[in-house]
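> Pasted the sequence and its predicted model underneath.
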Amino acid sequence: MSALGVIATVVAAALAAPLIVMTATFAVEVIAGLRGTARTRGVATDSCPGTVIVMPAHDEATIIAATLARLMPELPPACRVLVVADNCADDTAAIAAQGGAEVLRRDDPVRRGKGFALAYARDHLADAPPDVVMVLDADGSTDRASIATMARAATQRPVQAVNLLSPDLSAAPMVQVSNFAFVIKNLVRQRGLWRLAGRVNLTGTGMAFPWAVFRDAGLATADIVEDLALGLELARRGQLPGFVADATVWSAASSAEGTLKQRTRWEGGFLATSRTRALPAIGNALRSKDFRALWAGLSLAVPPLTLLLLLDIAGLVVLGGLMLLGASAWPLLLLGCLLVVAISGLGIAWMRVGRPFLSGGAAIRLPLYVLWKIPLYLGLARKRPTGWLRAGR
């Protein structure tokens with residue numbers, strides 16, 4: 001091999017290494033999550049510790065009545081709902097009270113965000129704390145068995161239920177693809193992370209905490225992905241969030257415009273968190289020789305699905321160019337093989353759990369979805385989203 005070929009190979013290896021690690025981590029996690037987990041749901045759906053469902057709500061007057069109408073009949077006897085009407089300029093508080101919920105009004109234009117709303121609820125509950133605090137979004141729905149299962153599991157540790165968007169095969173193809181990506185993130189990869197790391201990520205709705213954990217948690221922040229950050233902080237303290245795979249919470253799917261807003265919020269916050277926390281987590285795990293913590297750090301380093309695909313495709317193009325300069329073929333072949341494995345895992349996941357969320361016709365348009373997301377990533381490169389972003393309902 002010529003000197004130019006050696007240099008090109010070194011450059012190719014350096015370029016391919018992070019892509020190989022991220023793609024391999026994603027593929028293994030998806031494959032590990034294809035099989036269902038052991039059931040924890042009991043038969044006694046009325047057997048529930050004292051539980052408060054905290055529902056942060058910012059200008060949700062158009063949906064809060066319907067949300068409570070679905071939720072209130074599902075409550076076990078020892079469970080109640082506390083709505084925090086946070087910086088609302090509409091009738092959210094009055095409508096929530098009419099719907100049977102306990103209501104707190106919070107007005108603080110400077111300290112805005114879901115984390116501050118949760119901290120406000122915590123202060124209110126401190127005088128007579130419940131056994132368990134559960135968090136549900138203002139557009140969320142669930143069933144009595146899921147509530148009871150989450151509450152019982154949360155007496156021992158913080159837990160996260162399966163958090164999915166309601167399937168709608170009549171929605172725009174881009175919305176369907178995004179909903180399927182949500183299934184991969186919040187069901188398949190969560191199951192894989194649970195098996196490989198013994199913990200999962202908190203996703204903001206359908207999470208529950210023992211009072212002692214909720215009481216001491218760092219809630220009052222303006223972090224745009226406060227749920228992810230909270231889960232990482234709890235794990236750092238040794239309070240690893242568990243996965244309640246047979247409890248499910250649902251949120252309504254958005255329009256194409258609302259979906260883009262959702263993805264901008266979550267992916268922007270995730271990437272910012274990943275940049276600052278993934279490498280330190282991996283380093284700490286290597287020093288302590290903790291394989292499960294190492295996997296959690298690697299998982300945190302994996303970018304969102306569409307961005308991972310874009311990076312891999314761009315990487316393959318560059319690696320192909322370096323081969324023309326004499327670089328070895330192994331970086332391109334290894335990355336290409338891992339990408340095939342990852343896509344195959346996604347195909348199997350679609351056949352097993354994804355078809356209610358993504359039609360075959362919409363799946364064919366996946367390349368268009370990838371292109372649709374490019375402006376999002378260009379925007380995130382310029383400015384990270386801040387504030388309490390609500391998706392279009």
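Arrived safely. Numbers count the residues shown, from 1 in each chain.
> CA atoms for contacts and neighbours, from now on please.
Fine.
> what's the pLDDT at K114?
As predicted, K114 sits at a pLDDT of 88.
> nearest residue to it other than its sequence neighbours?
Nearest non-adjacent residue to K114, counting by Cα to Cα, 6 or more residues apart in numbering: P56, 6.4 Å away.
> try F357
Nearest non-adjacent residue to F357, counting by Cα to Cα, 6+ apart: P167, 4.7 Å away.
> Next, the contact list for that neighbour, please.
Q176, N179, A253, P356, F357, L358 (Cα atoms under 8 Å, 6 or more residues apart in numbering).
> following the host helix or strand of R265, which helix or strand shows up next?
Element membership of R265, judged by DSSP states H and E, is helix 256-288. Using DSSP H and E, the helix or strand that follows helix 256-288 in sequence is helix 291-301.
> next SSE after that next one?
Once helix 291-301 ends, the next helix or strand along the chain (criterion: DSSP H and E) is helix 305-324.
> Show me which positions of that following helix end up buried.
L305, T306, L307, L308, L309, D312, G315, L316, L319, G320, L322, M323 (16 or more other Cα atoms under 10 Å).
> element containing A96?
helix 92-98.
> what about the chain, any weak spots by pLDDT?
Across the chain, residues meeting the criterion (pLDDT under 70) sit at 38-46, 222-225, 255-263, 376, 380-393.
> Would you tell me which strand is longest in it?
Longest among the strand segments of the chain by residue count, using DSSP state E, is strand 242-251.
> Y377 versus L311, what's the distance?
As judged by Cα to Cα, to the nearest Å, L311 and Y377 stand 12 Å apart.
> nope, V133 is what I was after
V133 is 35 Å from Y377, by Cα to Cα.
> same check, this time on R277
20 Å.
> now V110
28 Å.
> And these two? Which one has more around it.
Counted by other Cα atoms under 10 Å, V110 and Y377 do not tie: Y377 has more neighbours, with 16 against 7.
> Could you grab the helix/strand/coil label for that one?
Assigned with DSSP: H, G, I helix; E, B strand; the rest coil, Y377 falls in the helix class.
> Contacts only, for it.
Counted by Cα under 8 Å, 6+ apart, Y377 has contacts L307.
> Repeat the analysis, applying 10 Å as the threshold.
Each residue near Y377 by Cα atoms under 10 Å, 6 or more residues apart in numbering is listed here: T264, E267, G268, T306, L307, K383.
> between the residues you listed, which is nearest R152?
E267 (31.4 Å; Cα to Cα).
> nearest spatial neighbour of the closest one, skipping sequence neighbours?
Leaving out its chain neighbours, the residue that sits closest to E267 by Cα to Cα, 6+ apart is P304, at 6.8 Å.
> which element is G5 on?
Assigned by DSSP H and E, G5 falls in helix 3-32.
> what angle separates that helix from helix 291-301?
Helix 3-32 and helix 291-301 are oriented at 110 degrees to each other (axes from the mean of the first three to the mean of the last three Cα atoms, to 10 degrees).
> Any idea how far the following helix or strand past helix 3-32 is from the middle of the chain?
As assigned by DSSP H and E, the chain's next helix or strand after helix 3-32 is strand 51-57. The chain centroid and the centroid of strand 51-57 are separated by 19 Å under Cα atoms, centre = their mean, to the nearest Å.
> Same question for stretch 30-37.
With Cα atoms, centre = their mean, you get 17 Å for stretch 30-37.
> Where do the strands of the stretch 51-200 of the chain begin and end?
51-57, 79-86, 102-106, 132-135, 140-141, 159-165 (DSSP state E, counting those that start in this stretch).
> got a markdown table for those strands, with distance to E233 and mean neighbour count too?
Shown next, in a markdown table, are the strands of the stretch 51-200 of the chain (distance: least, Cα to Cα, whole Å; neighbours: other Cα atoms under 10 Å):
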| stretch | distance to E233 | mean neighbour count |
| --- | --- | --- |
| strand 51-57 | 20 | 25 |
| strand 79-86 | 24 | 24 |
| strand 102-106 | 26 | 18 |
| strand 132-135 | 17 | 26 |
| strand 140-141 | 25 | 24 |
| strand 159-165 | 14 | 26 |
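> possible to save those as JSON lines with distance to W330?
Converted to JSON lines, the strands of the stretch 51-200 of the chain look like this (distance: least, Cα to Cα, whole Å):
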{"stretch": "strand 51-57", "distance to W330": "51"}
{"stretch": "strand 79-86", "distance to W330": "55"}
{"stretch": "strand 102-106", "distance to W330": "58"}
{"stretch": "strand 132-135", "distance to W330": "48"}
{"stretch": "strand 140-141", "distance to W330": "47"}
{"stretch": "strand 159-165", "distance to W330": "39"}
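> any idea how far A66 is from H58?
H58 is 15 Å from A66, by Cα to Cα.
> These two: who's more crowded?
H58 (24 against 16).
> Could you pull up phi and psi at the more buried one?
Backbone torsions for H58, taken as degrees, to the nearest 10, come to phi -120, psi 110.
> That one contacts L104, correct?
No: the criterion here is Cα atoms under 10 Å, and H58 misses it with L104 at 11.9 Å.
> Between those two, which contacts overlap?
Each of V84, A85, D86, A93, A117 lies in contact with both H58 and L104 under the rule Cα under 10 Å, 6+ apart.
> Just flag the most distant two among those.
A93 and A117 (13.5 Å).
> Which neighbours do these two have in common?
The contact sets of A93 and A117 overlap at A57, H58, V83, V84, A85, D86, L104, R105, R106 (Cα under 10 Å, 6+ apart).
> what's across from the last one in the sheet?
Yep, that's R106 we're talking about. D86 (DSSP bridges).
> Pull the contacting residues for it.
Contacts of R106 by Cα under 10 Å, 6+ apart are H58, V84, A85, D86, N87, C88, A93, R112, F116, A117, Y120, A121.
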